[in-house]
Structure formats: structure tokens, C-alpha cells
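[1] The following block contains a protein sequence and its predicted model.
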Amino acid sequence: MTNIQSILSQMTLEEKAALCTGASSWTTTPVERLGIPEMVVSDGPHGVRRVPDANSLMMTSLPATCFPTASCLASTWNADLLKTMGEALGEECLALNVDVLLGPGVNMKRSPLGGRNFEYFSEDPYLAGEMATSLIEGIQGKGVGTSIKHFAVNNQEFQRFSINADVDQRTLHEIYLAAFETAVKRTQPWTVMCAYNKLNGIYCSEHYDLLVDILKNKWGFEGLVVSDWGAVHDRAASLKGGLDLEMPGPQDHRVRAVVEAVRSGELDEQILNEAVRRILNIVFKAQETPKGGEFDADAHHTLARKIAAEGMVLLKNNGILPLKGQQHIAVIGRAAENAHFQGGGSSHINPTKVANPFKELQNQAGEAELSYAEGYPTDDTFRQELIDQAAALAQSADAALLYLALPSSKESEGYDRPDLDLTDQQIALIKAVARAQPNTVVILNNGAPVAMSGWIDDVAAVLEGWMMGQAGGGAIADILFGRVNPSGKLAETFPIKTADTPAHINWPGGAGTVRYGEGIFIGYRYYDAKEMPVLFPFGYGLSYTEFTYSSPKASAATFKDVDGLTVTVDVTNSGGTAGKEIVQLYVHDRKSGLVRPKKELKGFSKVELQPGETKTVSFTLDFRAFAYYHPKHQQWITEDGEFDLLIGSSSADIRHKLTATLKSTLDLPCLIDKESTIREWMADPRSNAVLSTVFEQMQTHIRQLFGTDGEGSIGMDVMDMMADMPLGSVLGFQQSMLPMPADEMIEGLLMQVHGTKN
Ligand code: BGC
């Protein structure tokens with residue numbers, strides 16, 4: 001065991017400052033004198049982007065397996081599979097001499113227009129947290145570190161280096177921090193990468209509340225906080241804010257700035273020491289696992305294919321799929337020949353090999369003849385002749401498979417998506433092909449939802465193939481021909497149109513700020529609340545078989561929040577094909593102090609079933625499954641009352657509803673203060689007890705003034721009107737009948753409630 005404290009005590013101020021800034025684009029600063037080695041980091045998240053020249057940000061990286069991107073991964077809802085993928089990533093890191101992989105990304109998909117959504121898991125923090133946890137467990141289990149990113153509220157590309165995200169505290173904790181919290185507490189990622197943007201006026205790289213108070217103190221994060229590449233603005237301020245390691249380097253002026261800040265007294269050396277301690281811990285931890293060797297590229301390609309097939313989501317099927325008995329199949333669209341399997345930007349992998357989707361179809365097509373037409377060009381031009389050729393080919397065939405990839409101008413890191421649409425050429429192509437061939441199947445290759453209003457009704461089937469990694473071409477063929485029964489479900493809602501989306505009015509902000517006006521209501525939480533139709537709901541996906549649910553049970557009718565609850569349900573494969581079902585459990589609080597969503601995902605399980613087979617699925621719900629974050633209490637709270645437990649096949653297909661009554665064990669402080677309304681005074685038993693006599697006198701007085709029915713002279717229910725006025729204001733209006741000034745009286749009542757001067 002390396003004695004970190006002893007090394008730290010031998011370091012000069014200059015060496016400590018140098019360690020806190022990278023030595024190159026991808027390495028930390030070594031200190032040979034003390035045997036402190038460098039540490040190598042690489043992107044991330046769905047493959048290893050090991051750039052051979054440490055001083056190059058952009059150079060083509062060494063070959064590595066390009067696994068499916070996060071949209072596809074989350075759609076598997078298969079935590080075990082993600083762990084296996086994490087192990088494979090870990091093995092590749094070891095072979096490529098990488099100590100820390102920069103991922104996964106767990107930012108929320110606030111808007112489907114987010115350019116980088118393909119790198120993120122979900123619109124739901126529970127699902128994202130579970131997926132991230134499994135992936136990290138897999139990677140770190142191999143002795144390789146991770147960097148969960150981008151902390152926090154980095155949900156758009158527009159002005160991503162500087163935008164100020166204006167988010168209320170409840171929304172922050174319930175939606176934007178929750179997935180990080182789950183993964184940090186359960187897996188202790190070696191590093192957390194702070195985001196570029198500002199959060200409520202402060203750069204995340206300098207955000208003490210975020211990095212120190214919440215992440216390190218409340219959640220107990222033991223690793224180091226690394227900046228996103230170029231996210232630091234003021235090195236001393238960022239150290240004070242809890243940012244340990246700045247990347248990339250070298251940046252001598254930053255090192256000097258730290259030395260000077262300590263010398264001038266602006267920066268307490270203890271703060272620097274704490275950053276150095278955290279960095280040394282991780283640098284030496286990385287040394288514990290020997291690097292080198294090779295990884296099994298073929299095995300990882302096979303794994304990538306399996307994951308891709310589990311993540312693809314069958315959105316529509318009139319029965320044409322799985323394909324069977326066709327003599328001639330028209331394969332249309334450039335993406336059938338040039339697989340579109342990953343997104344642009346820092347996550348771009350140099351794949352070990354790439355499955356050709358057309359050839360993969362041929363491998364499984366048996367006797368059927370396959371012919372190809374390009375359908376659309378590489379650039380944005382409109383080429384009618386390509387559409388005409390494709391339609392003619394489709395007409396001559398028994399079925400048409402349309403492979404459509406979104407161009408990088410419509411989806412990439414660095415800029416947001418302009419809209420949810422396919423290109424004009426692609427839409428015209430679908431329509432023309434569908435007119436010529438009723439058995440038209442659309443296969444989408446993209447990282448985020450597309451709108452389909454103009455064409456969905458015209459086609460026989462739609463498969464969301466995502467950015468499905470280097471082996472995805474084989475996975476598509478597996479699903480189309482039924483070698484694999486589709487089992488992916490959407491980890492994000494597909495809206496009908498952009499204007500329907502939760503953040504629409506506030507997206508993407510301006511004048512340096514984006515307001516999170518929709519609050520906790522993102523994704524299905526929003527569409528549920530607005531009772532708004534969507535194209536495909538969260539949690540939705542078709543199978544080639546059917547599943548029935550029966551015998552739902554909750555472990556108790558009444559339970560304490562700290563004890564939680566177990567919910568079970570039997571699931572039967574009632575169709576004729578083996579398959580996997582993703583059973584989902586949502587919780588709904590029937591009555592709450594603050595508004596809550598109609599349902600929130602709190603459990604899921606993927607089960608494999610042979611035809612006729614039944615399995616019991618079990619969910620464990622803990623305190624947090626029922627709690628919400630109360631901004632005034634500044635903590636997660638539960639309230640007594642009934643909760644619905646909704647067991648479903650998707651967020652819109654609830655098969656069973658159970659109800660159980662929660663008893664809260666919390667003893668929360670009474671929040672009554674000078675501004676509390678009469679209704680608030682009466683709602684809390686502690687203030688109610690103090691106020692009740694005074695309240696009766698007030699009521700009598702009001703009845704004398706306005707008549708016994710409370711309405712009297714001014715045509716309104718005066719008591720009702722007053723209920724939401726601060727007690728102090730109501731008393732102020734009745735000053736003449738009070739024995740003392742209203743202010744003093746309130747002070748006295750508050751003293752009785754709180755036992756001290758408030
Ligand atoms: C991205 C990070 C990435 C880093 C290093 C940044 O621009 O936001 O996700 O890890 O570059 O490539």
C-alpha cells in the first residue's frame with residue numbers, strides 16, 4: 001500500500017500545483033522524484049478512444065470495439081448485460097494502457113433536441129442511475145476507473161461552455177442529480193467529470209455546493225473531480241469549489257496561478273492538499289492493475305451484436321416481421337451499405353471492424369434474392385432519381401427494407417438538433433417506397449427520437465435501430481429474420497412533434513441563461529401531467545410474442561417508509577415464441593404536500609420466458625421510492641398516505657394497480673414562519689395547536705363583520721380567501737380587536753410553536 005500522506009508531505013508547493021493540472025491531453029503529471037506515475041485517461045463512453053499521441057485531442061484513435069451508444073444501451077433495460085459490456089470495456093482499457101475511461105454519461109434527456117442525447121441513457125433518473133451503476137461496476141471490476149459525466153445539468157449543446165442552467169432545488173435533486181447520486185453511492189466511480197455549464201449562476205467547475213457539499217460531503221464521494229476538457233476558468237476558484245484535476249494540459253500558467261494563490265494567502269494550502277490527496281489516491285489505485293496484453297476483438301464484436309439486438313426497439317409491426325418466405329427483398333438506403341453506428345464528437349471510436357448491414361442480411365436471407373438501391377445521397381441535396389429507382393425496385397419485390405440514418409448535420413456532439421425530422425429526401429423516399437410496396441419496413445439509425453407523423457401510417461413496420469455500434473448490422477438482420485425476438489423498450493418518449501416537448505418554450509435559452517421552467521416534469525412525467533398523446537410512450541416496445549401479467553401482490557397493506565415494500569407479479573409468455581419482457585413498476589403518491597408526477601419509475605426487471613412459461617418478478621421498493629425532495633426541508637421526505645403501485649408493460653400500458661399505505665417515520669421540523677398562511681398554520685398539528693384558539697376568535701370576528709355565512713356584504717367566502725393569506729396580514733386587518741400589535745402577536749405565536757425566537 002502506497003503511503004499517500006507520506007508522499008504528500010514530501011511534495012513541494014510547485015509539485016502539488018503541477019499535479020492538479022494535466023501533463024497532456026490525456027495524461028496527468030508524473031513526479032519522478034517521488035515515484036508518482038502518470039495516469040492515462042481516454043474517452044468514452046461506449047468504446048475506448050485511445051489517442052496514440054498524448055498531445056493530440058482529435059487524432060484517430062487505436063482500434064477498439066465500438067459498442068452501441070447509450071440510447072441503445074438503456075433501451076435494453078438489462079443491467080446484467082451492461083455489466084458484461086463494462087467488463088469488456090475494462091479489458092480493452094487494460095490492453096490499450098488506459099487507466100480511466102471517460103464515461104458513462106448520465107445527463108437527463110430534457111429535450112429530444114439535445115445534440116448529445118445519443119451519449120446519454122434516459123429521460124428518467126432511476127433508469128439512468130441503474131444503467132450507469134451496472135456499467136461502472138463492470139469497468140471498475142476490472143481495475144479500470146470511470147468518469148461519470150457531466151456533473152451536472154449539462155443537457156444541451158447550445159452555448160454548452162457557458163450557458164447558465166437556471167434550475168430549482170427540487171428539480172435539481174429529483175431529476176438532474178439523482179442518477180449521479182445512485183451511481184456515486186453504489187459504485188464509487190474513481191472520478192466524476194464536472195460539466196462546462198453554469199448551474200444557478202456558478203460554473204460547475206467552481207461550484208462548492210455541487211462538488212463539495214453535495215458530491216463529496218453528502219454522498220461521500222471518495223474519488224477525484226476532473227474538469228470537462230477546458231471547463232476551468234479560474235484555477236484557484238475551482239480548487240476552492242472542489243475541482244481536483246484540471247484537464248487537458250499542459251497549462252503552465254495554471255500551475256503558476258495556484259502557486260501564487262497559495263503564496264498570497266488567497267488559497268488555503270489545505271485545500272490544495274486535499275485535491276492532491278484525492279488525485280494521488282486514484283493515480284496509485286490505477287497502478288494496482290497491470291496493463292498490457294490483448295483483448296478478444298471477435299468476442300467483443302459478438303457481445304456488441306448481442307447488446308445491439310437487445311436495445312433495438314420494434315415500434316410498429318403489422319405482422320410483416322419477422323420476415324418469412326419472401327422471394328425478393330428490396331434493400332434501400334445508404335445505411336444498408338454504410339452502417340451508421342455511432343455519433344460524432346469525443347465519443348467517436350475507431351472500430352475493430354464494422355458489420356455491413358446488407359451482407360448481414362444476405363447471410364440470413366436463405367433463398368431470398370436481395371437487391372440494393374441507394375435511396376438518398378450523402379449530402380443534403382434532394383435527388384428525385386434516387387427515389388424513383390428505389391420505388392421501382394420496391395415494386396418489383398415482395399418486401400422493402402428501408403435503412404435510414406440521420407446525417408451528422410442533424411445529430412452530433414457540439415450542436416443541438418435543428419428538429420426531430422428525417423431529411424426531406426428520406427421522408428419523400430419512405431412515402432414513395434411505401435406507395436410502391438405495402439410490405440415496407442423502416443429501420444432507423446439515429447440516437448434520439450424522430451417525428452413520424454408524415455409517414456408512420458404508410459409503412460408496415462418500424463424498427464428503431466439506434467446508433468447500434470459496430471456489430472449492429474448483424475443485430476438488425478437478427479431481428480428482421482427472427483433469429484432474435486426484439487425485447488428493447490424506449491428509455492425516452494417519442495413525441496409527436498417538437499412543440500409538444502416539455503422544454504419547448506424554454507429551449508435552448510438566450511442571453512446566457514436557460515430556464516428549466518418545466519421543473520420536475522420532463523419526459524413521461526410531463527406528458528402524463530398534460531394528458532398529452534405521444535407517438536410512442538416511455539417504456540414501450542413490441543415483441544414477436546405476448547406477455548400476460550397476473551397475481552400482483554404487495555408485501556404489506558400498510559408499511560413504514562424505512563421498511564419499504566416488496567411487490568411481486570407473475571408474468572407469462574402467452575405467445576408462441578421465446579422472448580424477453582421488461583416489467584416496469586411505477587409509483588404514484590395519491591396526495592402530497594407538493595405536486596408530484598402521476599407516475600414515476602421505481603423498479604424494472606427483464607425476464608426471459610419460453611412459450612407458456614411463467615416467472616414471478618419481484619421488486620424491492622425502499623424509502624427513496626416513495627420520497628420527494630422538499631426544497632424547504634432541503635431533504636428527501638415521505639408523507640403519510642396511500643401510494644398506488646402501478647405494474648406495467650410500458651408507462652402507458654399499466655396492467656395492475658395495487659395500493660398501500662405509507663407511515664412516515666420522519667420527524668421533520670415545523671416550517672411555520674412569519675410568512676406562513678393560515679392554511680399552513682392549520683395543516684401542521686404543532687402550529688395548529690398553538691393557533692386554534694386565536695383562529696376561533698378570528699372566525700367569530702369575521703362572521704360579525706361579514707355575516708354568518710361568511711359571504712355577507714362583499715359577495716365572497718371571506719374565510720376561504722383568507723386561508724391563503726399570511727397569518728400576519730390577516731391579523732393586521734383586524735388590528736382594532738387585538739390586544740397588541742399584530743407583529744408582536746405573530747412573534748409570540750411563533751415562540752410557542754418553535755420554543756425559541758424565530
Ligand atoms: C466532452 C467530454 C469528453 C472530453 C474529452 C469534452 O469536450 O464534453 O465528454 O470526455 O471532451 O474528449
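    Cool, got the structure. Source: prediction; values computed, not measured.
[2] mind checking how far the nearest residue to residue 699 once chain neighbours are set aside is from the ligand?
    In space, and not counting its chain neighbours, residue 699 is closest to residue 719: 6.7 Å by CB to CB, 6 or more residues apart in numbering. Placement of C-beta: from N, CA and C, glycine included. The gap separating residue 719 from the ligand is 56 Å, by CB to the nearest ligand atom, to the nearest Å.
[3] residues contacting the closest residue to the ligand within the stretch 1-150 of the chain?
    Using CB to the nearest ligand atom, the closest approach of the stretch 1-150 of the chain to the ligand is made by residue 102 at 4.0 Å. Counting by CB atoms under 8 Å, 6 or more residues apart in numbering, residue 102 makes contact with 41, 42, 43, 44, 45, 147, 149, 193, 346.
[4] Just the terminal-to-terminal distance for stretch 733-746.
    13 Å (CA to CA, to the nearest Å).
[5] So which bits of the helix with the most length in the chain are buried?
    For the chain, the helix reaching the highest residue count under DSSP state H is reported as helix 685-706. Buried residues in helix 685-706, counting neighbours by 16 or more other CB atoms under 10 Å, are found at 687, 690, 691, 694, 695, 698, 702, 706.
[6] Relative to the whole chain's centre, how far out is it?
    49 Å (CA atoms, centre = their mean, to the nearest Å).
[7] Give the next helix or strand downstream of it.
    The helix or strand immediately downstream of helix 685-706 is helix 718-723, counting by DSSP states H and E.
[8] Check which helices and strands that following helix sits against.
    helix 678-683, helix 685-706 (3 or more CB pairs under 8 Å, 6 or more residues apart in numbering; DSSP states H and E).
[9] starting at the chain centroid, how far to it?
    That offset, for helix 718-723, works out to 43 Å (CA atoms, centre = their mean).
[10] swap in stretch 49-65?
    27 Å.
[11] Phi, psi for whichever residue of the stretch 251-400 of the chain sits closest to the ligand please.
    Proximity of the stretch 251-400 of the chain to the ligand (CB to the nearest ligand atom) peaks at residue 346, 3.5 Å away. Dihedral pair for residue 346: phi -70, psi -20, per degrees, to the nearest 10.
[12] Please name the nearest non-neighbouring residue to it.
    Residue 346's closest residue in space is residue 43 (CB to CB, 6+ apart), at 4.8 Å.
[13] cool, residue 78 as well?
    Closest residue in space to residue 78, ignoring its immediate chain neighbours: residue 606 at 5.1 Å, by CB to CB, 6+ apart.
[14] ok, the one you found - how many residues close by?
    Residues near residue 606, counting by other CB atoms under 10 Å, number 19.
[15] how much space is there between it and the ligand?
    28 Å.
[16] for that residue, helix, strand, or coil?
    For residue 606, the assignment made with DSSP: H, G, I helix; E, B strand; the rest coil gives strand.
[17] okay, now whatever residue of the stretch 351-500 of the chain ends up closest to the ligand: neighbour count?
    Ranking the residues of the stretch 351-500 of the chain by distance to the ligand (CB to the nearest ligand atom) places residue 413 first, at 6.9 Å. By other CB under 10 Å, 17 other residues sit near residue 413.
[18] you'd agree it is up against residue 120?
    No - using CB atoms under 8 Å, residue 413 is not in contact with residue 120, being 11.1 Å away.
[19] Break the chain into its domains for me.
    Domain assignment for the chain, taken from automatic domain parsing, gives 37-242, 309-508, 547-663, 678-755.
[20] out of these, nearest to residue 267?
    With distances scored as CB to CB, the stretch of the domains of the chain nearest to residue 267 is domain 37-242 (4.7 Å).
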